[in-house]
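Chemist: mind looking at a prediction? Sequence and model below.
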Amino acid sequence: MSGHSKFANIKHKKEKNDATKGKIFTIIGREIAVAVKEGGADPANNSRLRDVIAKAKSNNMPNDTIDRGIKKAAGDANSVNYETITYEGYGPSGTAIIVVALTDNKNRTAANVRSAFTKGSGSIGTQGCVSFMFDKKGQIIIDKEECSMDADDLMMIALDAGAEDFAEEEDSFEILIDPDNFSAVREALEAQNIPMAQAEVTMIPQTYVELTDEQDIKNINRTLDLLNEDDDVQEVYHNWDE
């Protein structure tokens with residue numbers, strides 16, 4: 001799940017991921033299958049697959065699991081029929097929520113997503129109703145404890161490779177990239193053996209909504225929990241200031 005770009009939230013996300021590795025690996029497995037079907041099983045010739053592999057590694061997916069997923073997808077390429085669907089809607093007090101699903105059954109997924117919004121006293125809107133409140137960006141987070149490189153040197157590598165922005169936080173570095181340049185920047189950092197706590201194309205809110213009412217907080221947590229438990233849901237983006 002994506003929210004703030006601060007590393008504290010990335011670590012929180014990691015902790016949740018560790019508790020639900022099966023869910024995370026299912027998500028990435030589907031992404032591998034779609035990437036292989038679209039561009040083949042050789043990462044050297046498939047930039048989307050390279051990006052998914054990087055995402056898998058940042059989520060601690062073992063290399064042999066990744067390799068098995070690629071081989072399985074290559075063997076079953078003709079049977080892969082996942083479709084990407086995006087839902088947009090509102091949570092409590094006008095919070096904006098975007099849900100990206102990868103599904104082989106649109107009716108099932110639509111019903112589950114609608115139910116998650118309803119149970120949290122929210123509602124699904126039309127396409128485009130909240131996405132204009134977000135910027136689509138490649139985002140790379142680097143944990144300072146894992147990276148010994150000087151900040152200026154790291155910034156120059158990122159900017160020279162095509163990054164748009166470089167920010168230093170208390171415990172991390174954040175690199176923002178135009179989605180078209182994401183692979184080039186990520187690969188430039190990989191070439192320097194720079195460890196990445198997160199590396200993915202995401203939706204970053206332009207502004208955040210603070211919730212103070214306890215029931216509103218309970219409701220949005222219920223919606224987000226239900227969405228994250230759904231195997232069809234790949235990503236959830238929101239502008240709630242947690």
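Modeler: Cool, the structure landed. Since we're looking at a predicted model, the values are computed, not measured.

Chemist: okay, CA-based contacts and neighbour counts for the rest of this
Modeler: OK.

Chemist: and the longest strand along the chain, how far out from the chain middle?
Modeler: Longest strand in the chain, counting residues (DSSP state E): strand 134-143. Taking C-alpha atoms, centre = their mean, to the nearest Å, one finds strand 134-143 lying 9 Å from the centre of the chain it belongs to.

Chemist: CA atoms of the next helix or strand after it as CSV?
Modeler: Remark: after strand 134-143, the chain's next helix or strand is helix 151-161, criterion DSSP states H and E. Taking Å, rounded to 0.1, in the frame of the first residue of the first chain, the C-alpha atoms of helix 151-161 are listed here in CSV:
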residue,chain,number,x,y,z
ALA,A,151,24.6,12.1,-0.6
ASP,A,152,26.1,14.4,-3.3
ASP,A,153,27.5,11.5,-5.2
LEU,A,154,24.3,9.6,-5.0
MET,A,155,22.3,12.6,-6.2
MET,A,156,24.6,13.1,-9.2
ILE,A,157,24.3,9.4,-10.2
ALA,A,158,20.5,9.7,-10.0
LEU,A,159,20.2,13.0,-11.8
ASP,A,160,22.7,12.1,-14.5
ALA,A,161,20.6,8.9,-15.2
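
Chemist: can you give the domain ranges for the protein?
Modeler: The chain resolves into domains spanning 7-79, 83-132+206-238, 134-205 when parsed by automatic domain parsing.

Chemist: what would the ones you listed look like in JSON lines with mean neighbour count and mean pLDDT?
Modeler: Shown next, in JSON lines, are the domains of the chain (neighbours: other C-alpha atoms under 10 Å; pLDDT from 0 to 100):
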{"stretch": "domain 7-79", "mean neighbour count": "17", "mean pLDDT": "81"}
{"stretch": "domain 83-132+206-238", "mean neighbour count": "18", "mean pLDDT": "95"}
{"stretch": "domain 134-205", "mean neighbour count": "18", "mean pLDDT": "93"}
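
Chemist: and the longest strand of the chain, what other elements does it pack with?
Modeler: When contacts are defined as 3 or more C-alpha pairs under 8 Å, 6 or more residues apart in numbering; DSSP states H and E, strand 134-143 sits against strand 172-177, helix 182-191, strand 198-205.

Chemist: let's see it at 10 Å
Modeler: The contact analysis (3 or more C-alpha pairs under 10 Å, 6 or more residues apart in numbering; DSSP states H and E) places strand 134-143 against helix 7-19, strand 165-168, strand 172-177, helix 182-191, strand 198-205.
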